[in-house]
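J.: Pasting the sequence and the predicted model now:
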Amino acid sequence: MHDENNKIQRKNLKNWILVFVKNFLAIFLVLAPLFLYLGTCYLIQKYTSLDKLPYVHWNGLDPANSVYVSWETSKPTSTYIKYGKDLNLNDGIYQDDTLSNMHHIKLEGLEPNTQYFFKAGSSSDNLFDKIFYFYTAPQPNSNVSFNFTVISDTQQFMGTGHYDRIASAIADARHGDAAFVLFAGDMGQEPYDQETWNFFMHQTQKYSYKIPIVPCMGNHDKNGFNIDTMYHKYFGVSLFNSSSSHPNKNYYAFNWSNTLFVIMEIAEGEDTNPLIEYSIEQDQWLNNTLKDAQSQDYRILIFHRPIYSGAGCSQTLINRLVPIIKTYNVSMVFYGHEHIYERFFIDNVTYVNVAGGGGMQNVGYYPIEGLQKVAMGPFFTRVFINSTNVILRTYSPRFNIIDEVELIKIDSNLILKEVD
């Protein structure tokens, strides 16, 4: 009897092991493509080159007459750039024989509303193959029509996401040449992870040879008040105030034709607190900056944390910023963080959540008052500005229109006019 029980136990154990192996193999076969995909994406990200092509930005500068040109090299080299208003590149030369990996050059004395071409490298005999170009800003109040593209949350986890598709669409001839691409935060996945930023910058190169980058800091880009993050490495600190307890500022503003753009630092949760010293200084700066720009047709505000969202409104930001928005006739507000597309029209102000640049989309949503449009999936938004109206169009990477709206300028307000 004892031997019979042992046989039954061995048989049951054998059957259990067989069932376990079968289930394990079934699960492995189902999940193997996913692991293969994740592993491939991770390896592609991990081994993306440190070398980066030149890109144009102007954090804290007046883009009507000055810009930064930056690039990175895996080995220290000298710095050389030649630029001009035509392909002869006869307007200026910058040269620095100091060996460096990160190259930041300020081009000054530029003419407003002008196309500039440039070539860059380590010397006149060792240049990147491409001829790069950019446009300087028209003077304030000049009423020159223009357009720009705005995206947010391009960070990608382990190399997965859809920013590559967005970047390809922006580089596509159907997109056209926007004046600049404006980010509303979370450009990279981790503030100190060189590999994820190599990946992000490599994908951005698809269009950055012809369209400047206007950055804004998100929570994935920031680590307290430290200024040694990847965001600072590639875009620097925008303002400096030696009398402040936190002298390095990551907020700035610039004019482009008839529009003021204000980029704020509302990235981490604590940045929403209006009572901390940094917020007090930033809000004072915001009030003064908007007050001085009342002659402009439009004032556009950009930051990362959402103010209105069906994924969760921030009453703290509503209490803090809406009175300023109303007082100084802010025309439009762009932000991200909640991975979804939302457009609100509240008290004659358009608020747009543009967080469809790269990361996984939110799976839950609750509509709130003022909502005009909501959508999920990859997207980018283009804004076309002239002296009488503003048109906002949001596209999928295949250029299907997700949202389209026209806003008519009446006095100091942009009044909504729906487009069929």
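T.: Alright, I've got the coordinates.
J.: Going along the chain, name the strands of the stretch 1-150 of the chain.
T.: 52-57, 67-84, 92-107, 115-123, 126-127, 132-135, 146-151 (DSSP state E, counting those that start in this stretch).
J.: Which of those strands has the lowest mean pLDDT?
T.: In terms of average pLDDT, strand 126-127 trails the rest of the strands of the stretch 1-150 of the chain, at a mean of 90.
J.: Which neighbours in the sheet does that strand have, and how are they oriented?
T.: According to DSSP bridges, strand 126-127 forms sheet pairs with strand 115-123 (antiparallel).
J.: For the partner strand, buried residues please.
T.: In terms of neighbour count (16 or more other Cβ atoms under 10 Å), strand 115-123 has its buried residues at 116-122. The C-beta positions use only the backbone N, C-alpha and C, and glycine is treated the same way.
J.: Nearest to residue 351 among the residues you listed?
T.: Using Cβ to Cβ, the shortest approach to residue 351 within those belongs to residue 116, at 34.4 Å.
J.: So in terms of bridging, what pairs with that closest one?
T.: Residue 116 has these beta-bridge partners by DSSP bridges: residue 134.
J.: wait, doesn't it sit right on residue 89?
T.: No: Residue 116 is beyond contact range of residue 89, at 9.2 Å (criterion: Cβ atoms under 8 Å).
J.: Now tabulate the strands of the stretch 1-150 of the chain in a markdown table and tack on distance to residue 203.
T.: Below are the strands of the stretch 1-150 of the chain laid out as a markdown table (distance: least, Cβ to Cβ, whole Å):
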| stretch | distance to residue 203 |
| --- | --- |
| strand 52-57 | 11 |
| strand 67-84 | 15 |
| strand 92-107 | 19 |
| strand 115-123 | 20 |
| strand 126-127 | 23 |
| strand 132-135 | 17 |
| strand 146-151 | 12 |
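J.: middle-most residue in the chain, spatially?
T.: residue 183 (2.3 Å; Cα atoms, centre = their mean).
J.: For that residue, which residues are in contact?
T.: 150-152, 154, 213-216, 357 (Cβ atoms under 8 Å, 6 or more residues apart in numbering).
J.: Identify the contacts common to residue 116 and residue 89.
T.: With contacts taken as Cβ under 8 Å, 6+ apart, residue 116 and residue 89 have residue 83 as neighbours in common.
J.: Do me a favour and average the pLDDT over stretch 310-325.
T.: Across stretch 310-325, pLDDT averages out at 94.
J.: Now do residue 417 against residue 143, distance only.
T.: 20 Å (Cβ to Cβ, to the nearest Å).
J.: Over to residue 18?
T.: With Cβ to Cβ as the criterion, residue 18 and residue 143 are 78 Å apart.
J.: The two: who's more crowded?
T.: Neighbour count, other Cβ atoms under 10 Å: between residue 18 and residue 143, residue 143 has more, with 13 against 10.
J.: wait, doesn't that one sit right on residue 409?
T.: No: look at residue 143 against residue 409 with Cβ under 8 Å: they stay out of range, at 11.3 Å.
J.: what's the overlap in contacts for these two?
T.: Taking Cβ under 8 Å, 6+ apart as the contact rule, residue 143 and residue 409 both touch 297, 387.
J.: Tally up the residues packed near residue 416, please.
T.: 14.
J.: quick check: mean pLDDT across stretch 258-268?
T.: 95.
J.: could I have it exported to PDB, CA atoms only?
T.: Written as PDB, here are the backbone C-alpha positions of stretch 258-268 (Å, rounded to 0.1, in the frame of the first residue of the first chain):
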ATOM      1  CA  ASN A 258       3.100  90.000 -32.700                       C
ATOM      2  CA  THR A 259       3.300  87.300 -30.000                       C
ATOM      3  CA  LEU A 260       5.000  87.000 -26.600                       C
ATOM      4  CA  PHE A 261       5.900  83.500 -25.500                       C
ATOM      5  CA  VAL A 262       6.500  82.900 -21.800                       C
ATOM      6  CA  ILE A 263       8.100  79.600 -20.700                       C
ATOM      7  CA  MET A 264       7.600  78.900 -17.000                       C
ATOM      8  CA  GLU A 265       9.200  76.300 -14.700                       C
ATOM      9  CA  ILE A 266       6.300  74.400 -13.300                       C
ATOM     10  CA  ALA A 267       7.800  70.900 -13.600                       C
ATOM     11  CA  GLU A 268       7.700  69.000 -10.300                       C
END
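J.: 9 is where my numbering starts, stick with that
T.: In the new count, where the first residue is 9, that last one comes out as stretch 266-276.
J.: so where is this protein shaky, pLDDT-wise?
T.: By pLDDT under 70, the weakly predicted segments of the chain are 9-23, 27-28, 30-55, 166-168, 426-428.
J.: all helices in it, in order from the N-terminus.
T.: Using DSSP state H, the helices of the chain run over 10-54, 171-179, 202-216, 238-243, 285-299, 323-335.
J.: Off-centre distance for the fifth one?
T.: I take that to be helix 285-299. Distance of helix 285-299 from its chain centroid, counting by Cα atoms, centre = their mean, to the nearest Å, is 22 Å.
J.: same thing with the second one?
T.: Its chain's C-alpha centre and that of helix 171-179 lie 13 Å apart, by Cα atoms, centre = their mean.
J.: who touches residue 127 in this structure?
T.: 89-91, 97, 135-136, 138-140.
J.: Not counting sequence-adjacent ones, nearest residue to it?
T.: Nearest non-adjacent residue to residue 127, counting by Cβ to Cβ, 6 or more residues apart in numbering: residue 135, 4.7 Å away.
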